[in-house]
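*Asks:* compute the structure for the input listed below.
(one chain, ligands or ions: 1)
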Amino acid sequence: MNSVSTRTGVWLVGARGGIATCVAVGLAAIKRGLAGTEGLVTARPMFEPLGLIPLDGLVLGGHEIRTGSLRAAADEYRTRAGLFSSELVAAAAGELDEIDARIRPGTALGCGPAINSLDGVAGLLETKLRPAQIVDRLAADMREFAASVRADRLVVLNVASTEPYRAAPPDFARDLPSFEKALASGADGFTAGMLYACAAFRAGAAYVNFTPTPASELPALSELAEKKGLPHCGKDGKTGETLMKTALAPMFVERNFRVLAWEGYNIFGNRDAVVLDNPDNNLAKTSGKDAALRGILGDERTHTRVRIDYTPSLDDWKTAWDFVHFQGWLGTKMILQFIWQGCDSMLAAPLAVDLVRLTDNSLRRGEKGILRHTAAFFKQPVGGGTHDFFAQSRALAEYVTERAGGTVA
Ligand code: NAD
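*Replies:* Alright, predicted model coming up:
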């Protein structure tokens, strides 16, 4: 029941990055029967009652700040990190070219030196335009895309590089009138992440923030989403080390162990890591990663720390070493250590697709505002709530159960 045979436009911000490329190659491969759906949460039978958009109903386009092509990106990940076979890239080539033709130049406003100095950055919108005009252009690109592919609905997925850390959002982000006024007057303080989310809502799209960059959770933009009746969720995909942490930490709580220290050390070497090698961008990522663990343990005495370092030779293959020092009966101190060796983009891509499908489904159902049931997918769930992975997964299952049996237009 509820099955749907419509088309959903998926607008990728960061359209030639690692996650975007793995999404594009993966969807093309699954469509041709060259790969299965392992890693895709929404392929589990429990999601059937929702009537999610089929994978071949997703049509991709997007914004990017680097020149190049998706085919070249796929080849780069193939040769550098061994992500795909050459047969797979060849099979997907036609589709990658079609998507490439739908990629438009984006904005890197306020993105800082690490992003602006990425290899191949060119043709940015802000060299000619003011923030308000940039939003207009971004929204026009999104609308044109939706019309050109005859999409019934549009979902914007932010998979762009992590913007530099800011201690607090600009004042004008506190409410929609202040935001609109600041846009109109060309005020300083706008960043690309905000402009893309604003453009998405103006274009009538739902919005997913897979990055730690401030965007739709800012009060002004949440207000815009509510006003337009659109759903959104974020932020920062929970794909690897934090997933492990939020699955393990509840065990320490349930067994009344006191966690004295939890050190997490991550090394990897892809383009995301190049950006995170800049201390300002790094802080934007690590501040959020720590919050999930602290939230579950709830003990302010626990020493927690997350470090991320750039190790070029590892490329997309992240190694995370976690050291957990904890205390049990009679104060006896014990240690748990684990090593996670994951392929970053391959972990992220299916979850990005899951989020697109769930958000698209909410859009179709007329659900607006923050999609709290997606919290299991994020390190910093917009809308708050527990970080406990199992509690979040139960909440998602309850959401599905509540909707099972209902029909949608
Ligand atoms: P990536 O560096 O491979 O891709 C990012 C792409 O975004 C690049 O092609 C870059 O040119 C482009 N870009 C940068 N700024 C842009 C802008 N303002 N507008 C349009 N395009 C822009 O990174 P990735 O590994 O694909 O990760 C993407 C994002 O997802 C990062 O913010 C990362 O921190 C986040 N994330 C990744 C994972 C994971 O890979 N496991 C998990 C959680 C969050």
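*Asks:* OK, now which residue of the chain is nearest to the ligand?
*Replies:* Per CB to the nearest ligand atom, Gly17 is where the chain lies closest to the ligand, at 2.0 Å. For glycine as for every other residue, the C-beta is placed from the backbone atoms N, C-alpha and C.
*Asks:* so what's the closest residue to that residue other than its chain neighbours up against?
*Replies:* Closest residue to Gly17 apart from its sequence neighbours, by CB to CB, 6 or more residues apart in numbering: Val159 at 5.8 Å. Val159 is in contact with 12-14, 17, 19-20, 23, 210-211, 348, 352, counting by CB atoms under 8 Å, 6 or more residues apart in numbering.
*Asks:* remind me, longest helix of this structure?
*Replies:* Scanning the chain for the helix with the most residues, using DSSP state H, yields helix 344-365.
*Asks:* what's the mean pLDDT across the helix or strand that that helix is followed by?
*Replies:* With elements assigned by DSSP states H and E, the helix or strand that comes after helix 344-365 is strand 369-370. Averaged across strand 369-370, the pLDDT comes to 98.
*Asks:* direction included, what does strand 369-370 pair up with?
*Replies:* strand 231-234 (parallel) (DSSP bridges).
*Asks:* just checking, what packs against the helix or strand of the chain with the lowest mean pLDDT?
*Replies:* Between all helices and strands in the chain, the lowest mean by mean pLDDT, DSSP states H and E belongs to helix 279-297, at a mean of 84. Helices and strands touching helix 279-297, by 3 or more CB pairs under 8 Å, 6 or more residues apart in numbering; DSSP states H and E, are helix 112-116, helix 241-254, strand 258-268, helix 271-276, strand 303-310.
*Asks:* run a quick neighbour tally on Ile335.
*Replies:* Residues near Ile335, counting by other CB atoms under 10 Å, number 10.
*Asks:* so it bridges to which residues?
*Replies:* Counting by DSSP bridges, Ile335 forms beta bridges with His325.
*Asks:* just list the residues touching it, thanks.
*Replies:* Listed by CB under 8 Å, 6+ apart, the contact set of Ile335 reads 323-326.
*Asks:* run a quick neighbour tally on the nearest residue to Gly61 once chain neighbours are set aside.
*Replies:* Leaving aside its sequence neighbours, Gly61 sits nearest to Arg102 (CB to CB, 6+ apart; 3.4 Å). Arg102: 19 surrounding residues under other CB under 10 Å.
*Asks:* my read is that Arg102 contacts Leu60, right?
*Replies:* Yes - applying CB atoms under 8 Å, one finds Arg102 in contact with Leu60, separated by 7.2 Å.
*Asks:* write out the residues of this structure neighbouring the ligand.
*Replies:* Proximity of the chain to the ligand is confined to 13-14, 16-19, 63-66, 106-108, 111, 115, 118, 159-162, 192, 210-211, 236-237, 239-240, 270-272, 344-345, 347-348 under the rule CB under 6 Å from any ligand atom.
*Asks:* who's in contact with the spatially most central residue of the chain?
*Replies:* The chain has Phe210 as the residue nearest its centroid, 1.1 Å off, counting by CA atoms, centre = their mean. Applying CB under 8 Å, 6+ apart to Phe210 gives the contacts 19, 157-159, 234-237, 348, 351-352, 355.
*Asks:* and for Ala147?
*Replies:* When the contact criterion is CB under 8 Å, 6+ apart, Ala147 has no partners at all.
*Asks:* from Gly204, how far out is it?
*Replies:* 11 Å (CB to CB, to the nearest Å).
*Asks:* quick revisit: so which elements touch the longest helix of the chain?
*Replies:* Against helix 344-365 (3+ CB pairs under 8 Å, 6+ apart) you get strand 8-13, helix 18-31, strand 58-64, strand 153-158, strand 206-209, strand 231-234.
*Asks:* save those as CSV, and put in mean pLDDT and distance to Trp317 too.
*Replies:* Converted to CSV, the helices and strands packed on helix 344-365 look like this (pLDDT from 0 to 100; distance: least, CB to CB, whole Å):
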stretch, mean pLDDT, distance to Trp317
strand 8-13, 98, 23
helix 18-31, 97, 12
strand 58-64, 98, 24
strand 153-158, 98, 23
strand 206-209, 98, 25
strand 231-234, 98, 26
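*Asks:* dump those to TSV, plus mean neighbour count.
*Replies:* Converted to TSV, these look like this (neighbours: other CB atoms under 10 Å):
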stretch	mean neighbour count
strand 8-13	30
helix 18-31	25
strand 58-64	24
strand 153-158	26
strand 206-209	31
strand 231-234	29
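*Asks:* would TSV of these with distance to Asp188 be doable?
*Replies:* Shown next, in TSV, are the helices and strands packed on helix 344-365 (distance: least, CB to CB, whole Å):
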stretch	distance to Asp188
strand 8-13	22
helix 18-31	30
strand 58-64	22
strand 153-158	22
strand 206-209	23
strand 231-234	24
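*Asks:* of the ones you listed, which is nearest Glu87?
*Replies:* Nearest of the helices and strands packed on helix 344-365 to Glu87, taken as CB to CB: helix 18-31 at 9.9 Å.
*Asks:* run the chain-centre distance for that closest one.
*Replies:* How far helix 18-31 lies from its chain's middle: 15 Å, per CA atoms, centre = their mean, to the nearest Å.
*Asks:* list the helices and strands it packs on?
*Replies:* Contact here means 3+ CB pairs under 8 Å, 6+ apart; on that basis helix 18-31 packs against strand 58-64, helix 70-81, helix 86-100, helix 344-365.
*Asks:* the second one to helix 344-365, inter-axis angle?
*Replies:* Our comparison of helix 70-81 with helix 344-365, counting by axes from the mean of the first three to the mean of the last three CA atoms, to 10 degrees, yields an angle of 140 degrees.
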